[in-house]
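J.: here is a sequence together with a model predicted from it:
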There are 2 protein chains.
Amino acid sequence: MNEHLYAVILAGGGGTRLWPLSRQKHPKHLLQLIGKETILQSTYKRVRKSFPPEKIFIITHKNHLEEAKRQLPEMQKKNWLVEPQAKNTAMAMTVAATYIAKLDPEAVVINLPADHIIKDITKYSKAAFNALQVAANTKTIVAIGIKPTFAHTGLGYMRIGQQLDDTPAFIGRGFKEKPDLATAQAFLISGEYLWNGGIYSWAVKTLFEELSLHAPELKKASDQLLKVIGKSTEKKVMEKLYEKVENIAIDVAVSEKAKNLAIVPGDFDWSDVGDWRVVYDISAKDEQENVVMGNKDQAVLHETKDTFISAQDKLVVAIGLENLVIIDTEDALLICHKDKTQDVKKAVEKLKALKKDKYL
Amino acid sequence: MNEHLYAVILAGGGGTRLWPLSRQKHPKHLLQLIGKETILQSTYKRVRKSFPPEKIFIITHKNHLEEAKRQLPEMQKKNWLVEPQAKNTAMAMTVAATYIAKLDPEAVVINLPADHIIKDITKYSKAAFNALQVAANTKTIVAIGIKPTFAHTGLGYMRIGQQLDDTPAFIGRGFKEKPDLATAQAFLISGEYLWNGGIYSWAVKTLFEELSLHAPELKKASDQLLKVIGKSTEKKVMEKLYEKVENIAIDVAVSEKAKNLAIVPGDFDWSDVGDWRVVYDISAKDEQENVVMGNKDQAVLHETKDTFISAQDKLVVAIGLENLVIIDTEDALLICHKDKTQDVKKAVEKLKALKKDKYL
């Protein structure tokens, strides 16, 4: 394996649509939603199959660091990168690239969101390897485009053009954020549109060039950070940089504007665990198509079907229910129709407006 | 007022269909379901309008005595009658009649279940007064028959015959327990059938005569009890009597077999608060036909209608719901379709089978 290859796990997300299990202090990737591992643990394990520990970095919010470290004791201490504020993916990826560039200016990085569930690891690893190769050999921003399996209206799409030379990538022909259903269906049929899972690969040099062109403030932040890494002022400078940097996604800051965008298709079973409906869909079901999570002994179901229950210590008795999501936690309870799980986000905003901050 | 008139409040019920608010240790009548008073408090207040304190007796299970006393500090101490076991209405009414007969052999008693909600107190008091008058003046078992307002299939019905002499009562022509819907509808149209709310009046002498004829074991128990009231052996004898007495309703033990049954019609707004559906139906609703009970600040509703929520300390967020009953308590949570609230009883039986006794 090329010694300049690195993986960055982006563990910065919040995931208000998985409230009340997911909270500001305990976001989605730190939850054990599927199987026995948290999403962060599964992500690390997946990455670890292709990378040695010293090549894996995790960037996370300072408030989540302790719990993330507890979940991943095998992570190298110096490879934890800490954000003083959540400022979206453009800053997180820039900061990670800067830290890695300090160690290895020839580094080629793949950025992997920590909140994805991927079942087919072989196909996934192949796509990631292809993306890294393209990023290493061409001066492009490389995105992995996930082959859509249905007309998802909650995701961004990327359009592919012709093949990029003799690489496994295609030339990117633009982005389309959250289409309506008819558009999403047309995308699906066309075969030209792939889901944007936010997985990017680049040589750090290429990223810095693109930042200079399209996001000079981020380039400036990177330059300032590079000077203080390992010094006593590092933490203070980080805080100042995060204080003033724009909250912006990498897609908007760089990818959509990049001179050279390459898309590597990935044909793996992927989910961003966006909301409770998705968690239900990818979970194993009983004969009545129910899913019970958490403390299973504490859920008693009677004439109930197609329902998702997450129980903790409290006894939960369900009678005559259909298509509901019930999430019981120590201090908050959600009961939501399965077709309305996107609205959990709105409800969380309502809680904010009602000044019920302790539940956020 | 006739000095021989007495009221007995029967506070012995359990009410598993109002689980999880209602528990073995905290039954229905001790709950604050409607307004600011518990059902027992409303019942006492209603009775107190027609009876002086010394004429009001309450019979209750020993496990509920302390809480009942706490709720009714104004009750005369000697008028609390305590059951060592729950053995249904035949025994409770017999015991109450026996204690009162000891004080006043000419007593005429009205027996009032503690778990009824009655809004129209004037009409109700009139019916109760009529029943007592008929019981005082004729040697009959007198039942109050409540004018049905819909084809209720969960109640017992009583058929009325011709008027009893020049009294406000009709001769009873039989009982019909929980009819099917078609039968209940026919009953409603006929005008000959009234709901059996379990409100009975009798001269204690008349009751004892009927017991001798139809329930000699109960008469024997009454005789044995009469001998020991006020003596040191009273408690021990009560325990023995309750140990061996049959668990049977007064309707089966006496009323259905009585030589002379009189029915006094009552045209008041009545509910037995049988299940959560009933509690929803009689509660004040908001614009979306929702009812929120308990800690109202802790319920946040979004696109939710026709739903009943009882919240306590925990935050309850409802999204996209319709026709549900959600009862959150400290250790147990019920989520039930509004058309399935009768099945709460089955769920409680299931809990018993699962040995989850601490939730009963």
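T.: Perfect, thanks for sending it. All values reported here derive from a predicted model rather than from experimental measurement.

J.: so A:Gln224 sits in a strand?
T.: No: according to DSSP: H, G, I helix; E, B strand; the rest coil, the state of A:Gln224 is helix, so it is not within a strand.

J.: number of residues surrounding the residue nearest to A:Lys358 when sequence neighbours are not counted?
T.: Spatial nearest neighbour of A:Lys358, chain neighbours left out: A:Asp331 (7.6 Å); criterion: Cβ to Cβ, 6 or more residues apart in numbering or on different chains. Any C-beta I mention is one placed from the backbone N, CA and C, and that applies to glycine too. A:Asp331 is flanked by 12 other residues according to other Cβ atoms under 10 Å in any protein chain shown.

J.: show me what contacts A:Asp331?
T.: With contact taken as Cβ atoms under 8 Å, 6 or more residues apart in numbering or on different chains, A:Asp331 is in contact with A:20, A:358-359, B:313-315.

J.: identify the residue of the stretch 1-150 of chain A closest to chain B, quick one.
T.: Proximity of the stretch 1-150 of chain A to chain B (Cβ to the nearest Cβ) peaks at A:Pro20, 7.4 Å away.

J.: ok, then the element right after the host helix or strand of A:Ile100?
T.: Using DSSP states H and E, A:Ile100 maps to helix A:88-103. Following helix A:88-103 in sequence order, the next helix or strand is strand A:108-113 (DSSP H and E).

J.: one step back: who are the packing partners of the helix holding A:Ile100?
T.: On a contact count with 3 or more Cβ pairs under 8 Å, 6 or more residues apart in numbering or on different chains; DSSP states H and E, helix A:88-103 meets strand A:5-11, strand A:56-61, strand A:80-83, strand A:108-113, strand A:193-203, helix A:204-214, helix A:216-228, helix A:250-253.

J.: list the buried residues of that helix.
T.: Using 16 or more other Cβ atoms under 10 Å in any protein chain shown as the test for burial, helix A:88-103 gives A:88-101.

J.: what do you get for stretch A:34-47?
T.: Going by neighbour count (16+ other Cβ under 10 Å), the buried part of stretch A:34-47 is A:34, A:38-44, A:46-47.

J.: also stretch A:161-180?
T.: A:164, A:167-172, A:175, A:179.

J.: what about A:Asn323, neighbour count?
T.: With other Cβ under 10 Å as criterion, A:Asn323 counts 17.

J.: pLDDT value on the closest residue to it other than its chain neighbours, please?
T.: Spatial nearest neighbour of A:Asn323, chain neighbours left out: A:Lys338 (4.3 Å); criterion: Cβ to Cβ, 6+ apart. A:Lys338 is assigned 96 on the pLDDT scale.

J.: most neighbours per residue, which of the helices and strands packed on helix A:88-103?
T.: Highest mean neighbour count of the helices and strands packed on helix A:88-103: strand A:5-11, a mean of 27 (counted as mean count of other Cβ atoms under 10 Å in any protein chain shown).

J.: quick check: A:Asn295 vs chain B, distance?
T.: Distance, A:Asn295 to chain B, using Cβ to the nearest Cβ, to the nearest Å: 12 Å.

J.: and the pLDDT at the nearest residue to that residue once chain neighbours are set aside?
T.: Of all residues not flanking A:Asn295 in the chain, A:Ala311 sits nearest, at 4.9 Å (Cβ to Cβ, 6+ apart). Here, the pLDDT recorded for A:Ala311 equals 95.

J.: swap in A:Met1?
T.: With respect to pLDDT, A:Met1 has a value of 60.

J.: surely the residue nearest to A:Asn295 and A:Val291 touch.
T.: No: contact criterion Cβ atoms under 8 Å: A:Ala311 and A:Val291 do not qualify, at 11.3 Å.

J.: of these two, which one has the most company?
T.: Remark: of A:Ala311 and A:Val291, A:Ala311 carries more neighbours, 22 against 19, as counted by other Cβ under 10 Å.

J.: which ones are touching that one?
T.: A:Ala311 makes contacts with A:292-296, A:298-299, A:328, as judged by Cβ under 8 Å, 6+ apart.

J.: tell me the residues of chain A that contact chain B?
T.: Within chain A, the positions near chain B by Cβ under 8 Å from any Cβ of the partner chain are A:19-20, A:300, A:302-303, A:313-322, A:324, A:326, A:328, A:331-337, A:339-341, A:343-344, A:346-347, A:350-351, A:354, A:356, A:359.

J.: now list the buried members of those.
T.: With burial judged by 16+ other Cβ under 10 Å, the buried subset of those is A:19-20, A:300, A:302-303, A:314-321, A:324, A:326, A:328, A:332-337, A:340-341, A:343-344, A:347, A:350-351, A:356, A:359.

J.: so which of the residues of chain A next to chain B belong to strands?
T.: If you go by DSSP state E, the residues of chain A next to chain B have A:300, A:302, A:315-319, A:324, A:326, A:328, A:332-337 in strands.

J.: widest-spaced pair of those residues?
T.: A:His302 and A:Ala332 (24.4 Å; Cβ to Cβ).

J.: okay, and the beta partners of the closest residue in space to A:Lys62 that isn't next to it in sequence?
T.: Leaving aside its chain neighbours, A:Lys62 sits nearest to A:Val82 (5.1 Å; criterion: Cβ to Cβ, 6+ apart). Counting by DSSP bridges, A:Val82 forms beta bridges with A:Thr60.

J.: ok, A:Val82 - contacts?
T.: For A:Val82, the contacting residues are A:59-62, A:65, A:238, by Cβ under 8 Å, 6+ apart.

J.: okay if I get those residues as JSON lines plus pLDDT?
T.: JSON lines is the format used below for the contacts of A:Val82 (pLDDT from 0 to 100):
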{"residue": "A:Ile59", "pLDDT": "98"}
{"residue": "A:Thr60", "pLDDT": "97"}
{"residue": "A:His61", "pLDDT": "95"}
{"residue": "A:Lys62", "pLDDT": "95"}
{"residue": "A:Leu65", "pLDDT": "96"}
{"residue": "A:Met238", "pLDDT": "97"}
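
J.: closest to chain B among the buried residues of stretch A:161-180?
T.: Nearest to chain B, judged by Cβ to the nearest Cβ, of the buried residues of stretch A:161-180 is A:Pro179 at 23.4 Å.

J.: just checking, the closest one touches A:Pro148?
T.: No: A:Pro179 is beyond contact range of A:Pro148, at 10.9 Å (criterion: Cβ under 8 Å).
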